[in-house]
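> Okay, sequence plus prediction incoming.
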Amino acid sequence: MNLKEVKKLLEAEVLWGNELLEKSVSCAFGCDLLSDVLAFTPPNVLLLTGLTNIQVINTAEMIDAAAIVFVRGKRPTKEVIDFARQKNIPLMATNYMLYDSCGILYLNGLKGCEGNR
């Protein structure tokens, strides 16, 4: 699935990275615990989270995430968006809850990460 499809399905606003919406993602991971993100995600993951701080961008860079979707209507600060731009990590925001966002993507063919279960 590409980011353009994610945007449409989640009725998301692109906060940064419109030019990168053709980028494909391999799986999705919804979490607000950054230690779990580090432990259980492969590269090219779509990260869905309610966390909007600078550490989310650092974590996404470390795991080579394809993009971040902020859920629950959360919006990061301009500083966080600018940092994501520097790291070339597309950002989107949706009003859907984390559970619903993951469910919508799953029902439309985007699987979760296999990880270390």
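Looks like it came in fine.

> C-alpha from now on. contacts and neighbour counts both.
Will do.

> Which pLDDT value belongs to the closest residue to residue 23 other than its chain neighbours?
Closest residue to residue 23 apart from its sequence neighbours, by CA to CA, 6 or more residues apart in numbering: residue 2 at 5.3 Å. With respect to pLDDT, residue 2 scores 98.

> Pretty sure residue 2 sits against residue 28.
No. Counting by CA atoms under 8 Å, residue 2 does not reach residue 28; the two are 11.5 Å apart.

> ok, the two, which is more surrounded?
residue 28 (25 against 16; other CA atoms under 10 Å).

> so what's the more buried one up against?
45, 46, 47, 48, 102, 110, 111, 112, 113 (CA atoms under 8 Å, 6 or more residues apart in numbering).

> Test of understanding: give the bridge partners of it.
Taking DSSP bridges as the rule, residue 28 bridges to residue 46, residue 112.

> ok now do the residue nearest to the spatial centre of the chain, which residues does it touch?
By CA atoms, centre = their mean, the chain has its centre lying nearest to residue 68, at 2.3 Å. By CA under 8 Å, 6+ apart, the contact list for residue 68 reads 46, 47, 48, 49, 60, 89, 90, 91, 92.

> Retrieve the pLDDT associated with the first one.
Per-residue confidence for residue 46 comes out at a pLDDT of 98.

> how much space is there between it and residue 32?
According to CA to CA, to the nearest Å, residue 46 stands 13 Å off from residue 32.

> Could you check which of those two has the larger neighbour count?
Per other CA under 10 Å, whichever of residue 46 and residue 32 has more neighbours is residue 46, with 29 against 16.

> Which strands and helices lie in contact with the helix or strand hosting residue 55?
Using DSSP states H and E, residue 55 sits within helix 54-63. Applying 3 or more CA pairs under 8 Å, 6 or more residues apart in numbering; DSSP states H and E, one finds that helix 54-63 contacts helix 34-40, helix 78-87.
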